[in-house]
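In: sequence first, then the predicted structure:
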Amino acid sequence: MDQKDRRRERIDRGIKVRTEGIYAIASWQEVIYLLLPRLILIVGLLILPLVMPSLYWKRVISIVSIYALLALGFDFLSNFVGLVSLGGAFFIGVGGYIAALLNNSLGLPPVLTIPLATFGGAALCTLLLLPALPLRGVYFAIVTLMYPLVLARIIEALNLFGGTDGIVGVASFASKWTEQYFIIVVAIVALFGLRRLVNEDIGLVFRGVKDNDQAIRASGLSITLYKSIAVFIASALGSLGGAYFVHLYMVAGISLFALDYSIIPIAAAVIGGGGTLVGPLLGCFILVPISELLRAFGTLRIVFYALILMMFIMFRSEGIMVYAQRKYHQFQRWVKV
Amino acid sequence: MSEGGILQVVNVCKAFGGVQALSNVSINAEEGEIFGIIGPNGSGKTTLINCITGFIKMDSGRVLYRTKDITNRAPDHIANLGITRTFQIMRPYYSLPAYKNLIIPLFSPRARRTGGWRGGGKLGDRGAVSIDILEEIGFERDSFVPYKLASSLPTGYLKRLELARCLALRPEIILCDEVFSGLSMSEIASMVPLIERLQMSGITLIMVEHRLRELFSVANRVMVLNFGQKLVEGNPEEVMKDERVKEAYLGSEKVLDYTFR
């Protein structure tokens, strides 16, 4: 057949009933069809530290998991609430400093500092971002980008919290295994929790805020309230990552406000596929290790890194997971026009 | 105001820069009636609705709902009192299926408070309730239509979806901003009984409309706006005989002939 006479037709598999998220399960095969991808992901993440050859690579897995939390928060905010956030560094920094201060001045153990920093940091971030919530798109992004820069300079200029030296001597985790698995389990729970959340009724409200905020107000719901709940969730994930980070490296400094934490989650979302939640997580597990592998190239590392990113954007701009989900959930055939 | 209807609008003024969009407009809508607002393009009809529902802050004037002052309250606050509106340019949540569009208003404090389990309270499934509402408003329950993405629905269904969003809030008052516009004659013919049914269920409707014939077949009273000022108010026949109204509609008698043919 000539190229012009045919077109590609995509048909949903029969298991998918009527609308997204409702499945008719009639056999073991279909149960496996739904469970298999999820199990591969969970089991894969859990055995990852076991197959890593060295302590160095185990550390990389921990860092990747922190980025994964940020990427999940970014994807949630941008694709389900309509707030493009560059606040990764902000969330990490606030959470990290809170955990370090609680540990250093009050002597609290990580078991307490991490939850306190998670919720305290999220509350603080939400409060600081409250004036920016009516903003949309790039304007909100700029405000979230300014906060970490401002906070870092304030800490530096006023010599707060140890100034440029940072807070050293933060307690580490009790065992290597808790240190390793805590963040991986948190990332898995965050992933499936958010996936569940966006399909709950409150998640529909979030998606409504993205689609049409005036209609949300006409529906008797306060935009500011739901936006701040969403920002709280995303910044809680980031703050948790920051708190974990300071206990992992036993130091908190202004490098917590580094721009990497804002940018890499976006790149991961682009590569993994925005709006899928699992995509950005996988994107982190691809991007960050690649960046580590490229260290062999020395200064040219960033060049190769940029090239890989550009390749992805040019040839798979929809993202890996959007592509993979389409292939998995739909038949494809050529039909004659 | 002594009579004290369900919704009183007293001397509303609103200017956009140098344009006086509304000057001293007053409404007194009685409970259970259909109150029509007509007027040429740019006469301030939609602005009036925006002012009443809080989407625009008015410069001066007051809005009373059951003698309670709701002037310039936040739109979500007003919606939660049971004063709902449709948008002239439909505002569905395009990325969600039609029935999930309704889960959002069913999530509002008012629906949760007044609806009980039917409104999707603790025991109720909001999805089932929203399918019920959609059926009431003219979506076929057993078809695929309620499950389709709002972005793939035609205008007629989107207009109905706008009304359904209001109904999900169990409203006292619905302000309809041109629900008939953009519809074919047959679609309008199926909308009119719907409007009548809403009125029979005790809901007060305030309708901004360009489709005069259809409006006059349902409206109890009509107000004519022109350049932000109230020209006349009264029952449809009286209003249409008024010379000033004829003049406002470009002095065109054709419009009026068409209306009563």
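Out: Received the coordinates, thanks.

In: return the residues of the stretch 101-250 of chain B in contact with chain A.
Out: Within the stretch 101-250 of chain B, the positions near chain A by C-beta under 8 Å from any C-beta of the partner chain are B:101, B:103-111, B:120, B:126, B:144, B:147, B:165, B:168-169. Every residue, glycine included, has its C-beta placed from N, CA and C.

In: just the buried ones from those?
Out: The neighbour-count test (16 or more other C-beta atoms under 10 Å in any protein chain shown) marks B:101, B:103-108, B:110-111, B:120, B:126, B:147, B:165, B:168-169 as buried among these.

In: from the contact counts, what lies against the longest helix belonging to chain A?
Out: Ranked by residue count under DSSP state H, the longest helix found in chain A is helix A:223-249. On a contact count with 3 or more C-beta pairs under 8 Å, 6 or more residues apart in numbering or on different chains; DSSP states H and E, helix A:223-249 meets helix A:55-76, helix A:88-106, helix A:110-129, helix A:176-199, helix A:201-211, helix A:213-218.

In: run through the neighbouring helices and strands of whichever helix or strand comes after that helix.
Out: Next along the chain after helix A:223-249, taking DSSP states H and E as the criterion, comes strand A:251-252. With contacts defined as 3+ C-beta pairs under 8 Å, 6+ apart, strand A:251-252 has these neighbours: helix A:88-106, strand A:167-168.

In: of the ones you listed, flag the one that's most buried.
Out: Greatest average neighbour count among the helices and strands packed on strand A:251-252 goes to helix A:88-106 (a mean of 27), per mean count of other C-beta atoms under 10 Å in any protein chain shown.

In: so who does residue A:11 touch?
Out: A:330-333 (C-beta atoms under 8 Å, 6 or more residues apart in numbering or on different chains).

In: out of those residues, which sit inside strands?
Out: A:330-333 (DSSP state E).

In: in this structure residue B:48 contacts residue B:22, no?
Out: Yes. Between residue B:48 and residue B:22 there is a contact under C-beta atoms under 8 Å: 6.0 Å.

In: name the residues contacting each of those two.
Out: residue B:12.

In: close to chain B: what parts of the stretch 151-300 of chain A are there?
Out: A:201-202, A:204-205, A:207-208, A:210-212, A:214-223.

In: which strands or helices does the helix or strand hosting residue B:245 pack on?
Out: According to DSSP H and E, residue B:245 maps onto helix B:243-248. Packing contacts for helix B:243-248, counted by 3+ C-beta pairs under 8 Å, 6+ apart, involve strand B:221-226, strand B:229-234.

In: quick check: the gap between the closest residue to residue A:330 other than its chain neighbours and residue A:168.
Out: Counting by C-beta to C-beta, 6 or more residues apart in numbering or on different chains, residue A:330 lies nearest to residue A:10, which is 4.6 Å off, once chain neighbours are set aside. For residue A:10, the distance to residue A:168 equals 56 Å [C-beta to C-beta, to the nearest Å].

In: residue A:308 too?
Out: Counting by C-beta to C-beta - residue A:308 and residue A:168 are separated by 36 Å.

In: again with residue A:304
Out: 34 Å.

In: rewinding a little: among the buried ones among the residues of the stretch 101-250 of chain B next to chain A, which two are most distant?
Out: Pairwise distances among those were taken by C-beta to C-beta; the largest, 25.9 Å, belongs to B:110 and B:147.

In: check contacts around the residue nearest to residue A:330.
Out: Going by C-beta under 8 Å, 6+ apart, the list of residues near residue A:10 reads A:326, A:330-332.

In: with residue A:96 instead?
Out: Residue A:96 neighbours (C-beta under 8 Å, 6+ apart): A:117, A:239, A:242-243, A:245-246, A:252, A:256.

In: also residue B:229?
Out: Residue B:229 neighbours (C-beta under 8 Å, 6+ apart): B:23-25.

In: ranking by neighbours, what's the top pick from these?
Out: Comparing the contacts of residue B:229 by number of neighbours (other C-beta atoms under 10 Å in any protein chain shown), residue B:25 comes first, having 25 neighbours.

In: with adjacent residues omitted, what lies nearest to that residue?
Out: residue B:12 (4.9 Å).

In: wait, doesn't the one you found sit right on residue B:58?
Out: Yes. Counting by C-beta under 8 Å, residue B:12 touches residue B:58, with 5.2 Å between them.

In: overlap in contacts, the two.
Out: Joint contacts of residue B:12 and residue B:58 (C-beta under 8 Å, 6+ apart) are B:22, B:51.

In: what separates residue A:83 from residue A:210, distance-wise?
Out: The value you get for residue A:83 to residue A:210, if C-beta to C-beta is used, is 8 Å.

In: of those two, give the one with the bigger neighbour count.
Out: Neighbour count, other C-beta under 10 Å: between residue A:83 and residue A:210, residue A:83 has more, with 27 against 19.

In: how about the contacts made by that one?
Out: Contacts of residue A:83 (C-beta under 8 Å, 6+ apart): A:77, A:133, A:136, A:140, A:227, A:230-231.

In: which of these ranks first by neighbour count?
Out: residue A:231 (29 neighbours).

In: what mean pLDDT would you report for the helix or strand containing the residue nearest to residue B:25?
Out: Counting by DSSP H and E, the element that carries residue B:12 is strand B:7-16. What strand B:7-16 shows for mean pLDDT is 90.

In: which strands or helices does the helix or strand just after it pack on?
Out: Note on strand B:7-16: by DSSP H and E, the next helix or strand toward the C-terminus is strand B:19-29. Judged by 3+ C-beta pairs under 8 Å, 6+ apart, the packing partners of strand B:19-29 are strand B:7-16, helix B:45-52, strand B:204-208, strand B:229-234.

In: so what touches the next helix or strand along the chain from strand B:19-29?
Out: Going down the chain from strand B:19-29, the next helix or strand is strand B:34-38, by DSSP H and E. By C-beta under 8 Å, 6+ apart, the residues outside strand B:34-38 that reach it are B:27, B:29, B:45, B:48, B:195, B:199, B:204-210, B:212, B:215-216, B:218-225, B:236.

In: and for stretch A:170-188?
Out: A:41-42, A:45-46, A:48-49, A:58, A:61-62, A:65-66, A:68-69, A:72, A:99-100, A:103-104, A:109-110, A:240-241, A:244, A:246-252, A:281.
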